[in-house]
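>>> Sequence unavailable; structure follows:
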């Protein structure tokens, strides 16, 4: 059975709007959540709220050569991206994490800028659909950050 986000009176649900975001497999993510469009919307808001912080943490880790911190940060963003259906970015994070696990900081440095560009594009897209849905941040959500 196909999982479709429910339509709202007056327009598309947030989950339905997410289907139009490049690189986001909203239907697959929604299916993993048992079709719970409200939960998916909350996860999108949490992800958007965290992306700027994550990008800053990546910048700081690189500037300080803190490879251990970068590996932890990359692992965390990999999981967060997977949970919202950003499969390509999650795979890129897994590749970056793998490079750090191998000690290949040169490969990491060569690929982190493109990854951060993808994160920035996702943050902008999520901000746009969340603003249009009236969600300015995830703090009023029932989903807690870990």
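Perfect, I can see it now. Keep in mind the model is a prediction, meaning the values are calculated, not measured.
>>> what are the ranges of the helices in this structure?
Chain-ordered helices for the chain, with DSSP state H as the definition, fall at 14-18, 26-32, 37-64, 67-84, 87-102, 105-132.
>>> Pipe those helices into JSON lines and attach mean pLDDT and mean neighbour count per row.
C-beta coordinates here come from the backbone N, C-alpha and C atoms, glycine included. Formatted as JSON lines, the entries for these read as follows, by pLDDT from 0 to 100; neighbours: other Cβ atoms under 10 Å:
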{"stretch": "helix 14-18", "mean pLDDT": "84", "mean neighbour count": "24"}
{"stretch": "helix 26-32", "mean pLDDT": "93", "mean neighbour count": "19"}
{"stretch": "helix 37-64", "mean pLDDT": "93", "mean neighbour count": "18"}
{"stretch": "helix 67-84", "mean pLDDT": "94", "mean neighbour count": "19"}
{"stretch": "helix 87-102", "mean pLDDT": "97", "mean neighbour count": "17"}
{"stretch": "helix 105-132", "mean pLDDT": "94", "mean neighbour count": "16"}
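>>> Next one: the residue nearest in space to the middle of the chain from residue 121, what distance?
With the centre of the chain defined as its mean C-alpha position, the nearest residue by Cα atoms, centre = their mean is residue 81, 3.7 Å away. Counting by Cβ to Cβ, to the nearest Å, the gap from residue 81 to residue 121 is 13 Å.
>>> for residue 37, same thing?
With Cβ to Cβ as the criterion, residue 37 and residue 121 are 23 Å apart.
>>> Since that was my last question, I'll sign off now.
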